[in-house]
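*Asks:* Pasted the sequence and its predicted model underneath.
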Amino acid sequence: MRREPPQKIADYWPLAFPAGMLTVFFVIPFATMIAVSFFQRQQGGFYTPAFVFDNYARFVSLFFGRVLGFSLMLAIAVAICCIVLGIPFTYLLTRMGRKAQVIWLVALLAILSLSEVIIGFAWSTLFSRTAGITNLLVMAGVMQQPVALTPSFGAVLAGMVYQALPYTILILYPALVRLDPTLTEAARTLGASPVKAFFTVVIPTLRNTIIATLIMVFIFALGSYLLPQILGRPSHWTLSVLITDQAIYQSNMPFAAAMAVFLVLVTLAMVGLTVLIGRKGEAA
Amino acid sequence: MNTLLRRLYFSFIGLFLAAPMIVVAGVSVNAKQSLTFPPQGFSLGWYGEIFTNPEWRNALFASLTLAVLSAALAVLIALPLAWFLWRRIAPWANIFQLLGIAPFTLPPVITALGLLTFWATTGFYGAPWTAVISHAIFFVTLPLVTLSLGFTAIDRSFVEAAATMGANERTIFTTVVLPLIRPYLISGYAFAFVLSLNEYIVAYMTVGFTMETLPIKIFNALRYGYTPTMASVTILFVATAALIFGLIARFGDLPKLLGAMASEK
């Protein structure tokens, strides 16, 4: 059956439920949040309709500038770690037998679906003094006594890379699995070593994919809100943590909403950049 | 890259991914009420605790109910939308597909805060069913993506044949289209179910004060110190996720579902 334009009103009815649900429970909440970001806060956790820029103005301070800077820096660090670890891994994975691929994919999906709470708990256990990795080092005679490795920046980074790596691999997977194997074969026939073929053929071919993945992982990491709290110090808190904190504990919804709107703008700018790179890639 | 180097690299990634789970699994079978590794003694008591301790049992029940219902609602939203986009030429309708994907693309705290302001404004804040809708909207992307993939895989001549034989729209849908997309429907549901089971921020911001799901319970418990029950819940979660994705792989084509082209052979 060919696709055809809807002829009568009744043809539209399948759209009614999905369109209604998405409009009422996504578009309207989103609009409400934007509206609240301009509202005036009242003591006691309430707010009154208004049109003020106070909430945004408050955002432009040294403290929040530092938080934003840290959030962006952390997300960039996570994205770079994931790309560096993920590209060779995904490339080799796609060259493996089908059965082995499926086993890895199942494991990656299982970790990807894990709650941040669970990842945070698992890493804080791994880095703890009583049950941590340092106990193994003590047993091996490398260290004198076990130490706690959290809270620290390294712990936050490790936890976030752990969370984002399966995501990175699964984004890279389609592009790499579709990569024409004759490209590397040609390079190999011409005498390039596998490593050289990887860096001179695979990586340049995938340049746009890599940049797009970098941005998507960056957005993913920007959304992290529990790992910095569980594994880091308050100085490692990100914008997402502050938004939750303002909304729930400080009961300052307008301010939380203003920060969220700002986060949306940063994210949308990044998505736009990805689309732009994708277009360029198609044109080339 | 030679074989040895490749093996080493895979072992490194494998160890990185497995290490936290190995330690947590070790802690979960500790005989004593302490988090120590390597474990001292062996006991499955902490797994029993999830089902016998009313607090953990209630949280488990809340999480399961939420996941079952919200994944079903997500599929109910995604199926007619994906079908419409496959069946009709209506470019403006693509905007709803975009809306279905948006909540999953933005940082989760944004969807969570949007829904929090919405439920607070409408006065429903804290009602358990608001979490079902919130999760369904948040995870509608997953069945939407798998179903869109399933629809593109349908050979339109099958449907054409059915239409020529005189089948009406409804008959075609139930006898031809639905059986063909069933695997994608099931995997879309399974993805949404597993992710809903593990989701924290949306549930916390919408019903966190009135209902405790397992991730919320774990996070609250983290503040008052660690118990081995948390470790056993974690292992239970990883095992459930691995089992479900394993089943999808067993009965479906996982590489294709994840974007590889038609399966080799």
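*Replies:* Structure's in. What do you need? Worth saying up front: this structure is predicted, and the values here are computed from it rather than measured.

*Asks:* Would you confirm that A:Leu242 contacts A:Val67?
*Replies:* Yes. Using Cβ atoms under 8 Å, A:Leu242 is in contact with A:Val67, at 5.9 Å. For glycine as for every other residue, the C-beta is placed from the backbone atoms N, C-alpha and C.

*Asks:* Sketch out the helices for chain B, chain order is fine.
*Replies:* For chain B, the helices defined by DSSP state H cover B:3-28, B:45-52, B:54-87, B:94-105, B:108-122, B:128-139, B:141-152, B:156-164, B:169-172, B:178-198, B:201-207, B:214-223, B:228-251, B:254-257.

*Asks:* returning to that earlier point: which of A:Leu242 and A:Val67 has more residues huddled nearby?
*Replies:* A:Leu242 (22 against 19; other Cβ atoms under 10 Å in any protein chain shown).

*Asks:* could you say which helix or strand contains the more buried one?
*Replies:* helix A:239-244 (DSSP states H and E).

*Asks:* what does that helix contact?
*Replies:* A:64, A:67-68, A:71, A:222-225, A:228-229, A:256, A:259-260, A:262-263, B:107, B:109, B:112-113, B:201, B:205 (Cβ atoms under 8 Å, 6 or more residues apart in numbering or on different chains).

*Asks:* Swap in 10 Å and give it another go.
*Replies:* A:59, A:63-64, A:67-68, A:70-72, A:75, A:222-229, A:232, A:234, A:237, A:250, A:255-260, A:262-263, A:266, B:107-110, B:112-113, B:116, B:201, B:204-205 (Cβ atoms under 10 Å, 6 or more residues apart in numbering or on different chains).

*Asks:* any idea how far that helix is from the chain center?
*Replies:* Relative to the chain's own centre, helix A:239-244 is displaced by 15 Å; criterion: Cα atoms, centre = their mean, to the nearest Å.

*Asks:* And stretch B:129-137, by the same measure?
*Replies:* 13 Å.

*Asks:* Output it in PDB, but only the C-alpha positions, please.
*Replies:* Extracted in PDB, the C-alpha atoms of stretch B:129-137 (Å, rounded to 0.1, in the frame of the first residue of the first chain):
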ATOM      1  CA  TRP B 129      -0.500   8.000  38.200                       C
ATOM      2  CA  THR B 130       1.300  11.200  37.300                       C
ATOM      3  CA  ALA B 131       4.500   9.100  37.500                       C
ATOM      4  CA  VAL B 132       3.100   6.700  34.900                       C
ATOM      5  CA  ILE B 133       2.400   9.500  32.500                       C
ATOM      6  CA  SER B 134       5.700  11.200  33.200                       C
ATOM      7  CA  HIS B 135       7.700   8.000  32.500                       C
ATOM      8  CA  ALA B 136       5.600   7.200  29.400                       C
ATOM      9  CA  ILE B 137       6.400  10.600  27.900                       C
END
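
*Asks:* Where does the prediction get shaky in chain B?
*Replies:* Along chain B, the model assigns pLDDT under 70 to residues B:1-2, B:31-39, B:41, B:260-265.

*Asks:* before we move on, what about chain A?
*Replies:* A:1-2, A:43-46, A:281-284.

*Asks:* now with 50?
*Replies:* Filtered on pLDDT under 50, chain A yields the residue ranges A:284.

*Asks:* thinking again about what came up before, find residues that contact each of A:Leu242 and A:Val67.
*Replies:* In the contact map built from Cβ under 10 Å, 6+ apart, the residues linked to both A:Leu242 and A:Val67 are A:Met259.

*Asks:* now the residue most central in space within chain A, what's its secondary structure?
*Replies:* For chain A, A:Phe220 is the residue whose C-alpha lies nearest the centre (Cα atoms, centre = their mean; 1.1 Å). Secondary structure, DSSP: H, G, I helix; E, B strand; the rest coil: A:Phe220 is helix.

*Asks:* Tell me the spacing between it and chain B.
*Replies:* 8 Å (Cβ to the nearest Cβ, to the nearest Å).

*Asks:* Return the residues in contact with residue 223.
*Replies:* In the absence of a named chain, this looks at chain A. Counted by Cβ under 10 Å, 6+ apart, A:Gly223 has contacts A:75, A:116, A:163-164, A:238-240, A:263, A:267, B:105-111, B:201.

*Asks:* actually it's chain B I care about, not the one you picked
*Replies:* Taking Cβ under 10 Å, 6+ apart, one finds A:Ile230 in contact with B:Arg223.

*Asks:* Cool, thanks, signing off.
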